[in-house]
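Student: give me a model of this one.
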Amino acid sequence: MGRSRPMRVLHIISRLGAGGAEQQLRLLLRHLPVRCDVIALSGPGAIAHAIRADGIPVTHVPLGAGRERQLTTVPRLVRIIRSGGYDLVHTHLYRACVLGRIAARLAGVRAVIATEHSLGERRIDGRPLTAALRARYLAAERLGSATVAVSAAVADRLRDWGVPNPRIHLVPNGIDARHFRFEPAARAAARARLGLPDRAFVVGGVGRLVADKRFDAAVRAVAEVPDTRLLLVGEGPERPALEDLAARLGVADRVRLLGERDGAVAPPDDRPAGLPGLLAAMDVLVSPSTEEAFGLAALEGLAAGLPVLHTVCPALDELPAGAVPGARRIAPGPAALADALRGQAAAGPLRFPVPDAIDRYDIARGARRLMDLYDRATTCGPDGCLRVSPISRRMPRRGAPAG
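Tutor: This next block holds a predicted model:
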């Protein structure tokens with residue numbers, strides 16, 4: 001039987017700061033042709049305000065400390081889900097995926113999709129991968145209809161964990177490349193705002209300031225390359241350590257930590273202050289991470305025409321060889337990064353054409369794939385199981401290109 005009203009979807013996410021998963025949710029909300037509400041298991045953050053500005057309701061249900069206090073969150077979620085009359089619940093990030101799946105099933109919602117944004121080789125959403133965590137994750141995963149992997153690397157890890165292949169659906173993260181198109185005027189305005197000389201060689205990094213991102217390697221590398229500047233866009237627990245490191249290395253005047261910036265869309269009236277303007281101000285983007293589930297910042301840098309130096313980036317590693325001439329994979333560590341930066345600085349400012357491969361990661365394409373999952377999850381049989389989809393059947397073999 002068909003629905004007599006538009007589909008209603010509730011998104012539950014662990015937090016709404018300016019991280020990659022949060023940015024991804026905001027972009028998807030702009031492209032999904034269904035009525036959506038959002039619950040964040042945290043206090044307000046930069047993306048929460050942005051989503052509200054887009055006209056989408058956001059409710060905050062902060063988690064307390066300790067497992068017992070976290071479990072009191074489930075009854076609250078159940079009440080909200082029941083009162084909203086949702087057809088489908090879509091969860092994002094580890095805590096939301098575990099608690100949200102439980103709450104959705106208790107509330108009687110049979111269509112539950114979870115996107116796995118942050119499963120690495122050793123950590124998931126910053127948490128060490130222990131046997132207990134894996135068991136908890138798999139028990140909750142069985143309560144859902146399907147699990148979305150944002151890269152083929154994440155799909156491989158889910159299979160290795162024991163998630164059945166028919167339950168895994170590859171829907172890569174996406175960007176709206178138009179918002180990052182390079183504009184010389186934006187470069188000049190952003191550099192003027194930041195007090196950067198026009199001829200200065202500026203290195204950039206974008207992401208949460210957490211240990212796995214290894215932005216300390218970027219600070220150390222810049223310290224080894226005279227006359228370079230470093231802009232770090234993001235926020236997180238490593239900020240004090242990075243500031244201390246820059247001071248100890250004597251480069252505090254060349255390292256700027258700019259905090260969170262909205263990268264999902266360009267600010268309507270102040271582009272130089274947002275991520276697109278900051279990317280325009282840079283000469284090279286670095287991604288020295290030890291673990292990545294996708295690598296959204298690298299795609300944004302390529303969409304801005306920047307050379308990109310990266311260590312681990314599934315979004316680029318899963319593309320055909322030569323598809324992104326502006327990207328270069330380097331060995332991990334400050335020494336390799338410093339050598340690469342010396343070469344970039346000697347070459348001078350470069351802007352590359354936006355590679356055609358970026359179209360593979362268009363956000364509108366990802367939204368269409370998700371809508372296909374939504375439709376099938378809400379119309380399948382009474383057992384609540386999602387049948388094997390064309391997306392799953394097209395899932396690449398280990399190491400094959402995504403998409």
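
Student: just the helices from the stretch 1-150 of the chain, written as ranges.
Tutor: Assignment of helices within the stretch 1-150 of the chain using DSSP state H, counting those that start in this stretch yields the ranges 20-31, 46-53, 67-71, 73-84, 94-106, 131-141.

Student: ranked by average pLDDT, which of those helices falls at the bottom?
Tutor: Mean pLDDT per stretch puts helix 67-71 lowest among those, at a mean of 66.

Student: circling back: dump the helices of the stretch 1-150 of the chain to JSON lines, plus mean neighbour count and distance to L249.
Tutor: (Glycine included, C-beta is placed from N, CA and C.) Below are the helices of the stretch 1-150 of the chain laid out as JSON lines (neighbours: other CB atoms under 10 Å; distance: least, CB to CB, whole Å):
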{"stretch": "helix 20-31", "mean neighbour count": "23", "distance to L249": "28"}
{"stretch": "helix 46-53", "mean neighbour count": "19", "distance to L249": "29"}
{"stretch": "helix 67-71", "mean neighbour count": "11", "distance to L249": "40"}
{"stretch": "helix 73-84", "mean neighbour count": "17", "distance to L249": "42"}
{"stretch": "helix 94-106", "mean neighbour count": "24", "distance to L249": "34"}
{"stretch": "helix 131-141", "mean neighbour count": "14", "distance to L249": "36"}
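
Student: ok but L231 is inside a strand, no?
Tutor: Yes. L231 forms part of a strand when assessed by DSSP: H, G, I helix; E, B strand; the rest coil.

Student: my read is that it contacts D283, right?
Tutor: No. Contact status for L231 versus D283: not in contact, 10.3 Å apart, counting by CB atoms under 8 Å.

Student: tell me, what's touching these two both at once?
Tutor: V202, V203 (CB atoms under 8 Å, 6 or more residues apart in numbering).

Student: domain map for the protein?
Tutor: The chain breaks down into these domains under automatic domain parsing: 8-174+362-393, 177-359.

Student: residues in contact with stretch 189-201?
Tutor: 188, 202, 227-229, 231, 256, 271-273, 277-278, 280-281, 283, 344-345, 349.

Student: please check those residues and keep the buried ones.
Tutor: 202, 228-229, 231, 256, 271-273, 277-278, 280-281, 283, 344-345, 349 (16 or more other CB atoms under 10 Å).

Student: can you map out the strands along the stretch 201-350 of the chain?
Tutor: 201-206, 228-233, 255-259, 284-287, 308-310, 327-329 (DSSP state E, counting those that start in this stretch).

Student: which of the ones you listed sits most buried?
Tutor: Ranked by mean neighbour count under mean count of other CB atoms under 10 Å, the strands of the stretch 201-350 of the chain are led by strand 284-287, which reaches a mean of 28.

Student: what's that strand packed up against?
Tutor: strand 201-206, helix 296-303, strand 308-310, helix 334-347 (3 or more CB pairs under 8 Å, 6 or more residues apart in numbering; DSSP states H and E).

Student: just list the residues touching P349, thanks.
Tutor: Applying CB under 8 Å, 6+ apart to P349 gives the contacts F201, D283.

Student: isn't V255 right next to R248, touching?
Tutor: No. Contact criterion CB under 8 Å: V255 and R248 do not qualify, at 11.4 Å.
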